[in-house]
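Asker: next come a sequence and a model predicted from it.
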Amino acid sequence: MSLEYVGIQNFIENYNPADRDWLELKWNGKFGAKFKDENYIFRQQIARIVCDQIHTVNLDLIRDLFIELGKVAQVSFAVFHNYHILAQELLERGGSSYLFDYVCAAHISFDTFLSTANIQLSPERTQELLSYFDFLKQTESDPQVQKMLTDHIRNRFVSLQ
């Protein structure tokens, strides 16, 4: 599939993991004014439209956008303005299956840390995520994962109760 034939809405509606190449960060290794990313414009267009129809979009697309936009934030020193909406939808619709993605994204950069804090969740989902967070904190043996399971992240869920 080539870019000139891909309608953005069609891409969103028919997204599958094989299409992820269109969203991936293809960075030139430079920062600031010299920063370039082959997929930047297409990814931004997709992200804007996805956020406008967030409740109907495939969770695989939301997750892949969330991950790739996090990578972009790390090297561009700016986060997509609705990054938190992607985080919120992943957690609300996907629950504990997406908690680790959320925790990892929060630790990518200062910008993603702040943006991912700006979420609202249902009381049921909040309780589920808090319980799962506590379970991971008690049972996870990987020191890198333990390092990310911070009180700051846990308190986000506590404050939503």
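Answerer: Good, I have the coordinates. No experiment lies behind these values; they were computed from the predicted model shown.

Asker: roughly how far apart are the spatially most central residue of the chain and Tyr83?
Answerer: What sits nearest the mean C-alpha location of the chain, by C-alpha atoms, centre = their mean, is Phe66, with 2.5 Å. As defined by C-beta to C-beta, to the nearest Å, Phe66 lies at a distance of 7 Å from Tyr83. The C-beta positions use only the backbone N, C-alpha and C, and glycine is treated the same way.

Asker: for my notes, confirm the residue nearest to the centre of the chain occurs in a helix.
Answerer: Yes: under DSSP: H, G, I helix; E, B strand; the rest coil, Phe66 falls within a helix.

Asker: residue ranges with poor pLDDT in the chain?
Answerer: 1-6 (pLDDT under 70).

Asker: and the helices in it, which stretches?
Answerer: Under the criterion DSSP state H, the chain contains helices at 8-13, 40-52, 59-76, 83-94, 99-106, 110-116, 123-139, 143-148, 151-160.

Asker: follow-up on the earlier one: shouldn't the residue nearest to the centre of the chain be in contact with Ala105?
Answerer: Yes: Phe66 is within contact range of Ala105, at 6.2 Å (criterion: C-beta atoms under 8 Å).

Asker: give the intersection of the neighbour lists for these two.
Answerer: Ala87 (C-beta atoms under 8 Å, 6 or more residues apart in numbering).

Asker: in a markdown table: the helices of the chain, plus distance to Ala33.
Answerer: A markdown table is the format used below for those (distance: least, C-beta to C-beta, whole Å):
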| stretch | distance to Ala33 |
| --- | --- |
| helix 8-13 | 27 |
| helix 40-52 | 14 |
| helix 59-76 | 11 |
| helix 83-94 | 22 |
| helix 99-106 | 26 |
| helix 110-116 | 18 |
| helix 123-139 | 39 |
| helix 143-148 | 32 |
| helix 151-160 | 33 |
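
Asker: gap between Asp21 and Val72?
Answerer: Asp21 is 15 Å from Val72, where distance means C-beta to C-beta.

Asker: right, I mislabeled it, should have said Ala47
Answerer: 10 Å.

Asker: common neighbours of the two, please.
Answerer: Shared contacts of Ala47 and Val72 (C-beta under 8 Å, 6+ apart): Phe80.

Asker: pull the number of nearby residues for Ile119.
Answerer: By other C-beta atoms under 10 Å, the residues close to Ile119 number 20.
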